[in-house]
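Enquirer: Whatever this is, show me its structure:
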Amino acid sequence: KLRDIFNTNLDKREKNLEKMNNVCNQMESILPKIAQLETEKPGPTIGFSAHLYNMLFVNTTTALNNFTNIICNNGNHFNPATGEFTAPMDGLYATYISIQRQATKDLYFVIKKQPCMSCIHPNQCDECTVAELLKS
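Expert: Numbers count the residues shown, from 1 in each chain. I've put the predicted structure just below:
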């Protein structure tokens, strides 16, 4: 009787071992696929390119509305009517701007973020200013 119990337990262990081996084999075949997904991380293509040529303006409230030459607008997150790009998700976004001035003219350029809560005059608020350039 002891031998029968031993053999039954041995059979159960062998079946469990076979099941574990099958699971291990499945995991080994899945691991490279997981590694590939982790390195690729495909996501939506987001970005736009717009040009503004030969534009001299004084009224900065309409400056962004003048991008008439839209090269691409992947994801349609740039609104040419307002000149605003709305980031659809958190992340790091790279921006590039090229500004040239006429040799005899002054250049003043400021990048502002949305006004802060304590802001009365956003154009004069240091907390709202991201970058400022004055070239005489």
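
Enquirer: Using CSV, list the CA coordinates for stretch 88-108.
Expert: The C-alpha trace of stretch 88-108 is given here as CSV (Å, rounded to 0.1, in the frame of the first residue of the first chain):
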residue,chain,number,x,y,z
PRO,A,88,-2.0,65.3,-27.1
MET,A,89,0.0,63.5,-24.4
ASP,A,90,2.7,64.1,-21.8
GLY,A,91,6.2,63.8,-23.1
LEU,A,92,9.2,65.6,-24.3
TYR,A,93,8.7,67.8,-27.4
ALA,A,94,11.5,69.4,-29.3
THR,A,95,11.0,72.8,-30.9
TYR,A,96,13.1,74.8,-33.4
ILE,A,97,12.8,78.3,-34.5
SER,A,98,15.0,80.4,-36.8
ILE,A,99,14.8,84.1,-36.5
GLN,A,100,16.8,86.5,-38.7
ARG,A,101,16.8,90.3,-38.5
GLN,A,102,17.7,92.9,-41.0
ALA,A,103,21.1,94.4,-40.3
THR,A,104,19.7,97.9,-39.4
LYS,A,105,16.7,96.7,-37.4
ASP,A,106,16.3,95.8,-33.7
LEU,A,107,15.1,92.4,-32.8
TYR,A,108,13.1,91.6,-29.7
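
Enquirer: domain assignment for this protein?
Expert: Per automatic domain parsing, the structural domains of the chain span 1-42, 45-93, 99-136.

Enquirer: Residue 70 reaches residue 80, doesn't it?
Expert: Yes - counting by Cβ atoms under 8 Å, residue 80 is a contact partner of residue 70 at 5.5 Å. Where you see a C-beta, it was placed from the backbone N, CA and C, and this is true even at glycine.

Enquirer: just to revisit the earlier point, least reliable of the domains of the chain by average pLDDT, please.
Expert: Between these, the one with the least mean pLDDT is domain 99-136; it has a mean of 65.

Enquirer: coming back round to it: for residue 70 and residue 80, work out which one has more neighbours and name it.
Expert: Between residue 70 and residue 80, counting by other Cβ atoms under 10 Å, residue 80 is the more crowded of the two (16 against 12).
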